[in-house]
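Chemist: The sequence and its predicted three-dimensional model are supplied below.
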Amino acid sequence: KAGVTQTPRYLIKTRGQQVTLSCSPISGHRSVSWYQQTPGQGLQFLFEYFSETQRNKGNFPGRFSGRQFSNSRSEMNVSTLELGDSALYLCASSFYSPQSSYNEQFFGPGTRLTVL
Amino acid sequence: GNSVTQMEGPVTLSEEAFLTINCTYTATGYPSLFWYVQYPGEGLQLLLKATKADDKGSNKGFEATYRKETTSFHLEKGSVQVSDSAVYFCALRETSGSRLTFGEGTQLTVNP
């Protein structure tokens, strides 16, 4: 079974530009979450999508947005990039079931974004 | 809000030494607790988990026990190997939903 894939793996942008990152979850997984990892702030939750609906959102400005498609693939978009947006962006998928109290999250390798 | 605090790193050990990485948490309700490991250039891998008080998670020689009375989930391994060198993250998940709250991470280096 293929794991979570993220594209691209590396990206270089300049301030003011916008960027779109893509995440393909494990087949059958309908929940996708996004995290930002930086040396200063560590791992921070961005948002979670389930069945094309945002279920949960972290404390990030509106420049960070996301969406999920009917095939569960997800994209996140960052507009008007700032230097501080340089980070590793991680996507995680899980087979969410309301009947289960635990749904393991599987992480992708991440997209390394550098803003110059 | 929820929070996770890990012991400060980095931690450097010799092969076959005993490892402890402390983790304490603050949360409402009954969160699930996790340890994730991140190898260079890779994403996070789930190392072990515990979903209720007194549960012991274990995997690849690593263990951690969910202690509700001390709000702790310390990671231990009796004999580390060079291949255990990585960054270890303690995390909690709220009672509902998938959102994970992570600790700062602890860099472990094991020397031969």
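Modeler: In hand now; what should we look at?
Chemist: Spit out the contact partners of A:Met76.
Modeler: A:Thr20, A:Leu21, A:Cys23, A:Trp34, A:Leu46, A:Phe47, A:Phe64, A:Ser65, A:Gly66, A:Tyr89 (Cβ atoms under 8 Å, 6 or more residues apart in numbering or on different chains). Yep, even glycine has a C-beta here, placed from its N, CA and C like the rest.
Chemist: May I see the ChimeraX selection of the buried members of those residues?
Modeler: The ChimeraX selection below is limited to those of these classed as buried (16 or more other Cβ atoms under 10 Å in any protein chain shown):
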select /A:21,23,34,46,47,64,65,66,89
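Chemist: how about stretch A:105-116: buried residues?
Modeler: Buried residues in stretch A:105-116, counted by 16+ other Cβ under 10 Å: A:Gln105, A:Phe106, A:Phe107, A:Gly108, A:Pro109, A:Gly110, A:Thr111, A:Arg112, A:Leu113, A:Val115.
Chemist: Can you show me the CA trace of that stretch as PDB?
Modeler: Provided in PDB are the C-alpha atoms of stretch A:105-116 (Å, rounded to 0.1, in the frame of the first residue of the first chain):
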ATOM      1  CA  GLN A 105      -2.200   9.300  11.400                       C
ATOM      2  CA  PHE A 106       0.400   8.500   8.800                       C
ATOM      3  CA  PHE A 107       2.700  11.300   7.800                       C
ATOM      4  CA  GLY A 108       4.200  12.100   4.400                       C
ATOM      5  CA  PRO A 109       7.800  13.100   3.900                       C
ATOM      6  CA  GLY A 110       6.900  16.800   3.700                       C
ATOM      7  CA  THR A 111       7.500  19.700   1.400                       C
ATOM      8  CA  ARG A 112      10.400  21.900   2.200                       C
ATOM      9  CA  LEU A 113       9.400  25.500   1.400                       C
ATOM     10  CA  THR A 114      12.100  28.200   1.300                       C
ATOM     11  CA  VAL A 115      11.000  31.800   1.000                       C
ATOM     12  CA  LEU A 116      13.700  34.300  -0.100                       C
END
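Chemist: any idea of the mean pLDDT for whichever strand or helix holds B:Glu76?
Modeler: B:Glu76 is located in strand B:75-77, with elements delineated by DSSP states H and E. Strand B:75-77 shows a mean pLDDT of 98.
Chemist: how close does the residue lying closest to A:Tyr10 once chain neighbours are set aside sit to B:Glu42?
Modeler: Of all residues not flanking A:Tyr10 in the chain, A:Arg112 sits nearest, at 4.9 Å (Cβ to Cβ, 6 or more residues apart in numbering or on different chains). Distance, A:Arg112 to B:Glu42, using Cβ to Cβ, to the nearest Å: 12 Å.
Chemist: now the strands: where do they sit in chain A?
Modeler: Taking DSSP state E, the strands of chain A run over residues A:5-7, A:10-13, A:19-24, A:31-38, A:42-50, A:53-57, A:64-68, A:74-78, A:87-94, A:106-107, A:111-115.
Chemist: ok, back up a step: can the buried residues of stretch A:105-116 go into CSV with extra columns for pLDDT?
Modeler: What follows is the buried residues of stretch A:105-116, written out as CSV (pLDDT from 0 to 100):
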residue, pLDDT
A:Gln105, 87
A:Phe106, 91
A:Phe107, 94
A:Gly108, 95
A:Pro109, 94
A:Gly110, 95
A:Thr111, 97
A:Arg112, 96
A:Leu113, 98
A:Val115, 97
